[in-house]
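Undergrad: pasted the sequence and its predicted model underneath.
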Amino acid sequence: MLRLPRDLRDEFKTPFGPVYRSADRLLEDAGAPIVAVGDVVTYHLREAGRVPDVAVVDGKTKREAVDETVRRAVADPDDPVEVANEAGTIGEELLAALEAALAGGDAPVTVVVEGEEDLATLPAVVAAPVGASVVYGQPNEGMVLVSVTEETKREMRELLARMEGDADAALRVLGVEP
């Protein structure tokens, strides 16, 4: 549905929130529900005793396969939601899975992406309720905590609108009025 254009890539180099090296410290500041985007982030949150309400994983970190310890730790013992999503895109399957996971019940949901989940932070912030937290990895720095506020929702919507494709249709899949 949406593709990241080259001229927008620099917008993603600066973290969208504070960076933490300690999952325990991050969890002290996090709201609920918690959406984790990335295998290593999901691993650290689980190791700190907090299973994310929604985890979006793709089996990779820095474009390489995660090690066996991380892979085993983030594997969902229940039935994961599996979606395809090409690198540099936000596809309809991923959007629908995020919307369903956030609208679902109390049980944690793991979305396993065949392809790449790197851009899932944007729609996760847009779809999550105010007060939630979206956590993603900042390579070689730590974990970024995005507190979901009306302001962060607006910022992510603006970034989605600058991507190639139909941002309004993407918002509708997320259950959000364009």
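TA: Arrived safely.

Undergrad: my read: residue 113 touches residue 80, true?
TA: No - the pair residue 113 and residue 80 fails to qualify as a contact (CB atoms under 8 Å) at a distance of 10.1 Å. Heads up, the C-betas are built off the backbone N, CA and C, glycines and all.

Undergrad: tell me which of those two has more neighbours.
TA: Neighbour count, other CB atoms under 10 Å: between residue 113 and residue 80, residue 113 has more, with 24 against 16.

Undergrad: ok so that one is a strand residue?
TA: Yes - assessed with DSSP: H, G, I helix; E, B strand; the rest coil, residue 113 lies in a strand.

Undergrad: which residues does the closest residue in space to it that isn't next to it in sequence contact?
TA: Closest residue in space to residue 113, ignoring its immediate chain neighbours: residue 58 at 4.2 Å, by CB to CB, 6 or more residues apart in numbering. When contacts are counted by CB atoms under 8 Å, 6 or more residues apart in numbering, residue 58 touches 39, 112, 113, 114, 115, 116, 117.

Undergrad: separation between residue 42 and residue 59?
TA: Taking CB to CB, to the nearest Å as the measure, residue 42 and residue 59 are separated by 11 Å.

Undergrad: what's the answer for residue 90, then?
TA: Applying CB to CB to residue 90 and residue 59 gives a distance of 18 Å.

Undergrad: what does residue 156 give?
TA: For residue 156, the distance to residue 59 - CB to CB - is 25 Å.

Undergrad: over to residue 147?
TA: In terms of CB to CB, residue 147 sits 28 Å off from residue 59.

Undergrad: between residue 90 and residue 59, who's got more neighbours?
TA: Neighbours per residue, other CB under 10 Å: of residue 90 and residue 59, the larger number sits with residue 90, 28 against 16.

Undergrad: check contacts around that one.
TA: So residue 90 contacts 1, 2, 119, 120, 122, 123, 160, 163, 170 (CB under 8 Å, 6+ apart).

Undergrad: where does this protein have its least confident helix or strand?
TA: strand 64-65 (a mean of 70; mean pLDDT, DSSP states H and E).

Undergrad: need the three-state assignment for residue 51.
TA: Under three-state DSSP, residue 51 comes out as coil.

Undergrad: to clarify, my last question referred to residue 24.
TA: With three-state DSSP as the basis, residue 24 sits in helix.

Undergrad: which one is it nearest to, not counting chain neighbours?
TA: residue 48 (5.2 Å).

Undergrad: about what we covered before: can you tell me which of the contacts of residue 58 is nearest residue 143?
TA: residue 39 (12.1 Å; CB to CB).

Undergrad: quick check: the closest one vs residue 66, distance?
TA: The gap separating residue 39 from residue 66 is 5 Å, by CB to CB.
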